[in-house]
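S.K.: no sequence on this one, just coordinates:
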């Protein structure tokens, strides 16, 4: 009797196991018939895909040829004593942020020459411009706020087309009569001549429209590139002209633009720009008694 009961019990267990197997197969078959979701199509379940909800941008593939070209250009720019800064973009434009800042110290400098000119000649203003160094390049102008020399800073953002072929631009500061929108055609004069003109009270001192600051910029889709220090002479500018041919600088007569840049750089010997985050800071030296005393105390 006990043996019979045991067979009945085993039979029930076997039937139960068969039922569970059939039920499981039915559920798997149902799941495999369901339509696949985007996640199941794009990656296996065991390889989750992290999706940034802020953007759906897929970066374009970069070829080995492009990488080699970038590396080669970077090496050339380093040999030319230049440095680059990536710029934020908006659509097809790069956003170039420029800040003017007084650099207080023991020596009179650009800011003092500007102040002398503006004080001596009524109706003159300080103009900042980004101007194409070769023909056919768009230029930009900026009327610097009148309180800059007392407030110490001024800021401006320029929108520049981001293209593979570099654009040669000059950043100028000049003293001009109201309504003028360009600096490039103004006299480039050594700052010591300006001081001499005012200190000796020459007739019509300060009335001449003239450039007081200049720096050379290259802008392309990678960002902005500038000289780190004072250009070294013939060899550096000759190499820059060769580079202009390799990179196909925009505008007509790119070599003439480089010659104009050289004249302004060698005459003014302006301080190089400083990179602060995504901003180009232009420092203008200014004599200040308090700052000078602190500098001397620190020695």
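M.R.: Perfect, I can see it now. The structure presented is a predicted model; accordingly, all values stated were derived computationally and were not measured.
S.K.: Please count neighbours and contacts with C-alpha atoms only from this point.
M.R.: OK.
S.K.: ranges for the helices of the stretch 1-150 of the chain?
M.R.: 2-33, 38-42, 64-79, 110-120, 148-151 (DSSP state H, counting those that start in this stretch).
S.K.: What lies in contact with the shortest one?
M.R.: Okay, so that is helix 148-151. Helix 148-151 has contacts (Cα atoms under 8 Å, 6 or more residues apart in numbering) with 102, 111, 115, 154.
S.K.: Quick check: chain neighbours aside, which residue is closest to residue 248?
M.R.: Nearest non-adjacent residue to residue 248, counting by Cα to Cα, 6 or more residues apart in numbering: residue 165, 5.8 Å away.
S.K.: Look up how far residue 162 lies from the residue positioned nearest the centre of the chain.
M.R.: Centroid-nearest residue in the chain, with Cα atoms, centre = their mean: residue 87, separated by 3.3 Å. In this view, residue 87 and residue 162 are 10 Å apart by Cα to Cα, to the nearest Å.
S.K.: Can you check which residues contact both of these two?
M.R.: Shared contacts of residue 87 and residue 162, counting by Cα under 8 Å, 6+ apart, come down to 94, 222, 223.
S.K.: Highest neighbour count among these?
M.R.: When neighbours are counted by other Cα atoms under 10 Å, residue 94 leads these with 23 neighbours.
S.K.: is that residue in a bridge, and if so with what?
M.R.: residue 89, residue 160 (DSSP bridges).
S.K.: can you check the one 10 residues further on too?
M.R.: Each beta-bridge partner of residue 104 is listed here, defined by DSSP bridges: residue 286.
S.K.: Quick one: residues contacting it.
M.R.: 285, 286, 287, 288, 291, 292.
S.K.: Turn these into a markdown table, columns for pLDDT, distance to residue 175 and neighbour count.
M.R.: As requested, these are exported to a markdown table (pLDDT from 0 to 100; distance: Cα to Cα, whole Å; neighbours: other Cα atoms under 10 Å):
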| residue | pLDDT | distance to residue 175 | neighbour count |
| --- | --- | --- | --- |
| 285 | 95 | 16 | 21 |
| 286 | 95 | 16 | 22 |
| 287 | 94 | 19 | 18 |
| 288 | 92 | 22 | 15 |
| 291 | 90 | 26 | 15 |
| 292 | 92 | 27 | 15 |
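S.K.: Just send these back as TSV, with distance to residue 123 too.
M.R.: As requested, these are arranged in TSV below (distance: Cα to Cα, whole Å):
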residue	distance to residue 123
285	24
286	22
287	24
288	26
291	30
292	32
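S.K.: Hmm, residue 156 and residue 99 touching each other?
M.R.: Yes: judged on Cα atoms under 8 Å, residue 99 makes contact with residue 156 at a distance of 6.5 Å.
S.K.: which of those two has more neighbours?
M.R.: The neighbour comparison of residue 99 against residue 156 (other Cα under 10 Å) goes to residue 99, with 17 against 14.
S.K.: so what's the more buried one bridging to?
M.R.: Under the criterion DSSP bridges, residue 99 forms beta bridges with residue 155, residue 281.
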